[in-house]
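Asks: Everything below, folded, please.
(one chain, ligands or ions: 1)
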Amino acid sequence: MNRLLPPLALIAGLACAIPASAQFQKSEDAIKYRQGAFRVMAEHFGRIGAMANGRVPFDAKVAQEAAALVVALHKLPFSAFAEGTDKGAPQRARPEVWKDGAKFKAAIERMMSEVAKLDAAAKGGSLDAVKSAFGATGGACKACHDDFRARDYSSN
Ligand code: ASC
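Replies: Reported below is the predicted structural model:
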């Protein structure tokens, strides 16, 4: 029994030392998770955009459902940028995500606040309000992409 304790303590210690392992089995899992979350979010955000830009007729219910999904999803990718997940699978996250954490956090907070306004606009049912909130949210997406997303995928 006592002989088991040191190895168990070692395993527990290692688990604490590797932050990414708190939520994800390995770095690749975190990378795929955040890419998947961004992808699904972009799909629903894009449906609102299609209406805001007049490519499809405005349907308040569809806009509301899409905005509700964006709200449900918008925190997910950011739970998956733990230290050490800059490598592990091809990705476009720039090193600045981890080097300039305060700026990255500010960019995320800006996006979160715009998403809340987009949701409120969609609930209100006015196309003009949705158009304006869509533009502001897209601006927040773009600002973060400009600073923190590379043009090309990394090789690992
Ligand atoms: C989208 C989408 C994004 C943002 C961004 C805004 O529809 O998928 O990532 O808007 O392009 O500039």
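
Asks: Tell me the confidence at the residue lying closest to Arg55 once chain neighbours are set aside?
Replies: Nearest residue to Arg55, sequence neighbours excluded (CB to CB, 6 or more residues apart in numbering): Gly49, at 8.0 Å. Any C-beta I mention is one placed from the backbone N, CA and C, and that applies to glycine too. On pLDDT, Gly49 comes in at 98.

Asks: cool, the one 4 residues further on as well?
Replies: As predicted, Asn53 sits at a pLDDT of 98.

Asks: how about the one helix or strand Ser132 maps to, does it get close to the ligand?
Replies: Using DSSP states H and E, Ser132 falls within helix 127-148. Yes - counting by CB under 6 Å from any ligand atom, the ligand has neighbours in helix 127-148: Gly138, Cys141, Lys142.

Asks: Could you list every helix and strand that that helix packs against?
Replies: For helix 127-148, the elements it packs on are helix 27-52, helix 96-99, helix 101-124, judged by 3 or more CB pairs under 8 Å, 6 or more residues apart in numbering; DSSP states H and E.

Asks: Output those as a markdown table; include the columns mean neighbour count and distance to Ala72.
Replies: Converted to a markdown table, these look like this (neighbours: other CB atoms under 10 Å; distance: least, CB to CB, whole Å):
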| stretch | mean neighbour count | distance to Ala72 |
| --- | --- | --- |
| helix 27-52 | 18 | 9 |
| helix 96-99 | 15 | 23 |
| helix 101-124 | 17 | 10 |
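
Asks: among those, which is nearest Ala80?
Replies: Taking CB to CB, helix 27-52 is the member of these nearest to Ala80, at 3.9 Å.

Asks: Alright, that wraps it up for me.
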